[in-house]
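Peer 1: Build me a structure from this.
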Amino acid sequence: MLRFGRLCTPKAAGMQRRFLNIHEFQSKQILKENGGKVEFGIACKTIEEVEAACAKIKTEKKVVKSQILAGGRGKGTFKDGYKGGVHVCDNAAAAVEAAKHMLGNTLITKQSGAKGQLVSTLYVTEAVSGIKRELYLSLILDRKSASPMFIGSAEGGMGIEELAKSHPEKIKTMRVNIAEGVDHDAAVAYAKELGFAGETAERAAEQLKVLYNIGKSDDCTMVEINPFVELENGDVMEIDAKLSFDDNAMFRQKKIFALEDKTQIDSKEVLAKKYDLNYIALEGNVGCLVNGAGLAMATMDLISLHGGSPANFLDVGGSASEEQIVAAFKIITGDPNVKSILVNIFGGIMHCDVIAEGVVNASKTLNTKVPIVVRLSGTNEQLGKDIIRKSGLAIHPADDFESAALKAVELAKSH
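Peer 2: Here you go, the predicted model:
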């Protein structure tokens with residue numbers, strides 16, 4: 001995998017890459033510390049903190065922004081029907097009133113899913129005046145060229161996805177040579193493509209370099225500014241910001257990864273990350289515990305072929321411990337839609353007896369009521385089968401892959 005100026009390999013073959021996302025107020029702080037032009041703002045967790053923030057913000061108008069890890073906040077709707085996750089308020093009293101509707105409420109956006117996300121933090125900022133125009137700007141990693149690439153449009157704002165579909169010619173790009181970094185003249189030329197002119201183009205180019213340097217030094221997978229604004233006085237600013245980071249860089253970006261808001265993440269994902277399990281939640285009713293990404297995909301396919309629906313992708317890897325197996329069961333059974341569990345293990349590096357011990361201990365520890373089908377094949381296969389048989393638990397053994405999938409689907413339908 002290519003990061004800014006570095007070649008590196010994922011932690012394990014087939015390991016899911018979970019990118020770290022942080023809140024806008026955290027992203028803005030990183031921008032500010034590195035020379036980015038952002039507005040003044042204060043993160044608030046209580047109404048009292050909102051009132052105090054409003055007293056410190058000099059502009060009469062205040063902007064109150066919900067802090068959730070999903071886009072489309074401005075067009076979102078709260079669970080109780082209150083409209084908008086971002087409000088520009090005429091004065092402090094209006095800002096406090098808006099905050100009362102937003103704080104502790106659940107915001108639903110196009111990107112949050114139907115469940116929405118709980119707003120436990122608000123970002124109260126000054127209202128920037130004299131905005132001449134709003135643009136879209138982001139820095140991503142382009143797979144085709146294996147290079148960092150800026151993507152921008154002079155028509156920014158909340159409808160950038162629709163614009164890319166309807167008018168792709170309005171999307172402007174600039175690739176960056178990772179060995180050389182951002183060339184100033186190229187950055188100025190790109191700024192002019194986005195509609196900047198004269199001294200303002202120079203200022204925009206300087207901000208491009210700031211964003212690139214953040215992306216490189218902090219191992220970002222994406223730096224998104226929407227909107228990137230041009231002011232009437234010729235200055236430029238980042239009015240909104242979203243930074244994402246590569247989990248493989250956690251060991252050298254400890255300060256940034258300490259910012260992670262675990263309350264905004266599915267608890268099953270948090271547990272999977274803790275135990276280094278490759279887990280993706282799906283919408284079916286047959287839980288899957290498999291070793292190896294390829295076998296996991298094949299297991300999901302066979303479940304679907306026989307009329308079932310996989311509830312997850314869960315690869316425990318080639319050398320999982322008993323503790324990891326118990327954690328995997330906790331994750332799977334934490335999904336109320338799971339009606340049966342299929343354990344499909346091919347023992348190579350992984351030993352079948354370790355899996356069997358983990359399955360038995362998990363069933364006892366978690367008092368699992370969901371029927372379990374276990375297919376073991378390979379290293380220490382017979383030992384594993386003996387452990388399952390002697391456990392006295394109602395675990396359904398299977399001798400081959402297909403019969404295991406059939407049984408799991410059958411049990412899910414009847415459970």
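Peer 1: so how many other residues sit close to Asn380?
Peer 2: For Asn380, the count of nearby residues is 18 (other CB atoms under 10 Å). All C-beta spots, glycine's among them, are computed from the backbone N, C-alpha and C.
Peer 1: for Thr333, that is, sorry about that
Peer 2: Number of residues near Thr333 (other CB under 10 Å) recorded here: 20.
Peer 1: Go ahead and confirm it touches Leu271.
Peer 2: No. Thr333 is not in contact with Leu271 according to CB atoms under 8 Å; the separation is 11.4 Å.
Peer 1: Excluding residues flanking it in the chain, which one is nearest Glu49?
Peer 2: The spatial neighbour of Glu49 that comes closest, neighbours along the chain excluded (CB to CB, 6 or more residues apart in numbering), is Ile42 at 7.6 Å.
Peer 1: Just give me the neighbour total for that neighbour.
Peer 2: 17.
Peer 1: And the one 4 residues further on, by the same measure?
Peer 2: Residue crowding around Thr46 was assessed by other CB under 10 Å; the count is 13.
Peer 1: pretty sure it is in contact with Lys100, am I right?
Peer 2: No. Using CB under 8 Å as the test, Thr46 is too far from Lys100 to be in contact (10.8 Å).
Peer 1: Check which residues of the helix ranked longest in the chain are buried.
Peer 2: The single longest helix within the chain, with elements called by DSSP state H, is helix 198-217. Judged by neighbour count using 16 or more other CB atoms under 10 Å, the buried positions of helix 198-217 are 200-208, 210-212, 214-216.
Peer 1: ok, so of the residues you listed, who is nearest Gly181?
Peer 2: For the buried residues of helix 198-217, the closest approach to Gly181 (CB to CB) belongs to Tyr212, at 6.8 Å.
Peer 1: pLDDT score assigned to the residue lying closest to the closest one once chain neighbours are set aside?
Peer 2: Nearest residue to Tyr212 in three dimensions, chain neighbours excluded: Val182, at 4.7 Å (CB to CB, 6+ apart). pLDDT for Val182: 96.
Peer 1: Distance-wise, check Val182 relative to Val210.
Peer 2: Separation of Val182 from Val210 (CB to CB, to the nearest Å) stands at 10 Å.
Peer 1: Also Ser309?
Peer 2: Distance of Ser309 to Val210, given as CB to CB: 47 Å.
Peer 1: After the lowest-mean-pLDDT helix or strand in the chain, heading C-terminal, what element do we hit next?
Peer 2: When the helices and strands of the chain are scored by mean pLDDT, DSSP states H and E, strand 6-7 comes last with a mean of 38. Using DSSP states H and E, the helix or strand that follows strand 6-7 in sequence is strand 20-21.
Peer 1: How about stretch 349-368, which residues are buried there?
Peer 2: Buried-residue list, stretch 349-368, by 16+ other CB under 10 Å: 350-363, 368.
Peer 1: same thing with stretch 67-75?
Peer 2: Gln67, Ile68, Leu69, Ala70, Gly71, Gly72, Arg73, Gly74.
Peer 1: nearest to Asn105, of these?
Peer 2: Nearest to Asn105 out of the buried residues of stretch 67-75 is Ile68 (CB to CB; 10.6 Å).
Peer 1: so who does that closest one touch?
Peer 2: His23, Gly85, Leu107, Thr109, Ser112, Gln117, Leu118, Val119, Gln264 (CB atoms under 8 Å, 6 or more residues apart in numbering).
Peer 1: re the thing from before, partners of the residue nearest to Glu49 in the sheet?
Peer 2: Under the criterion DSSP bridges, Ile42 forms beta bridges with Val124.
Peer 1: Return the residues in contact with it.
Peer 2: Contact analysis of Ile42 by CB under 8 Å, 6+ apart lists Glu49, Ala52, Ala53, Lys56, Ile57, Tyr123, Val124, Thr125.
Peer 1: So for it, what pLDDT did the model give?
Peer 2: Model confidence at Ile42, given as pLDDT, is 98.
Peer 1: now Ile131: how far from Asp235?
Peer 2: For Ile131, the distance to Asp235 (CB to CB) stands at 10 Å.
Peer 1: and stretch 69-81, how far apart are its ends?
Peer 2: One end of stretch 69-81 to the other measures 20 Å (CA to CA, to the nearest Å).
Peer 1: Who wins on neighbours among the contacts of Ile42?
Peer 2: Val124 (28 neighbours).
Peer 1: Report the separation between it and Ala70.
Peer 2: Going from Val124 to Ala70 by CB to CB gives 19 Å.
Peer 1: Then Gly307?
Peer 2: 34 Å.
Peer 1: Filter the buried residues of stretch 349-368 down to the ones in helices?
Peer 2: Using DSSP H, Cys352, Asp353, Val354, Ile355, Ala356, Glu357, Gly358, Val359, Val360, Asn361, Ala362, Ser363 are the members of those that sit in helices.
Peer 1: Okay, the last one and Leu208: tell me how far apart.
Peer 2: Ser363 sits at a distance of 56 Å from Leu208 (criterion: CB to CB).
Peer 1: Please apply the same query to the fourth one.
Peer 2: As judged by CB to CB, Ile355 and Leu208 stand 51 Å apart.
Peer 1: ditto for the fifth one
Peer 2: Going from Ala356 to Leu208 by CB to CB gives 56 Å.
Peer 1: strand partners of the helix or strand just after the longest helix of the chain, parallel vs antiparallel please.
Peer 2: Using DSSP H and E, the helix or strand that follows helix 198-217 towards the C-terminus is strand 220-231. Strand pairing for strand 220-231, determined by DSSP bridges: strand 131-142 (antiparallel), strand 236-238 (antiparallel), strand 242-245 (antiparallel).
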